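# With the sequence up front, the predicted model follows.
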Amino acid sequence: MIRFIPVEDTLAIRNDILRGGKLTLDQCRFPGDESEGAFHLGYFRQEKLVCVATFHPQNHEKYPGKGYQLRGMATLEEYRGRGIGNQLVNFAIVYLRGQKANYLWCNARKTALKFYISLGFEIISDEFEVPVIGPHRVLYLKIQ
């Protein structure tokens with residue numbers, strides 16, 4: 001089941017999956033987490049939160065219209081490969097259409113590129129390094 005959740009519910013999974021459990025929960029907050037129009041989604045399996053993602057209004061310099069940035073997408077290891085992340089992003093896309101968003105974009109880890117491409121995202125940047133985290137690319141998905 002997918003639900004809208006408070007940002008605080010995303011922090012433990014963000015820390016464990018995206019930061020190797022090395023930060024405090026407060027250090028796992030992102031700029032934009034609390035901005036107007038931002039929302040956080042969680043996928044629950046039998047009331048256990050197993051996947052999270054954050055979406056906040058943020059235009060990309062290359063594209064006109066209303067953009068949202070996807071950040072902090074993370075799925076617990078034992079739940080990967082089951083289509084959970086796919087369902088979560090597709091839920092967000094339907095919601096964003098209702099918010100009149102034109103596109104969704106993200107900075108994706110190199111290891112997650114196949115996942116995003118399978119959802120229809122296009123790579124729009126060269127590879128770049130995020131210090132301590134690793135290689136990334138910018139991806140774009142037209143919503144409407």
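Received it, and whenever you're ready, just let me know what you need. Every value quoted in this text rests on a predicted model; they were computed, and no experiment measured them.
# helices or strands up against the lowest-mean-pLDDT helix or strand in the chain?
Using mean pLDDT, DSSP states H and E, strand 128-130 stands out as the lowest-scoring helix or strand of the chain, at a mean of 91. Using 3 or more C-beta pairs under 8 Å, 6 or more residues apart in numbering; DSSP states H and E, the elements in contact with strand 128-130 are strand 134-142. The C-beta positions use only the backbone N, C-alpha and C, and glycine is treated the same way.
# List the neighbouring strands of the strand it packs on plus their orientation.
Partners of strand 134-142 in the sheet, by DSSP bridges, are strand 103-109 (antiparallel), strand 122-123 (antiparallel), strand 128-130 (antiparallel).
# Please tell me how far that strand is from the chain's geometric centre.
Relative to the mean C-alpha coordinate of its chain, strand 134-142 is positioned 11 Å out (C-alpha atoms, centre = their mean, to the nearest Å).
# cool, and stretch 101-109?
When C-alpha coordinates are averaged (C-alpha atoms, centre = their mean), stretch 101-109 and its chain have centres 8 Å apart.
# Can you tell me what sits against it?
With contacts defined as C-beta atoms under 8 Å, 6 or more residues apart in numbering, stretch 101-109 is touched by 55, 57-58, 60, 63-71, 73, 92-93, 96, 115-116, 121, 124, 130, 133-144.
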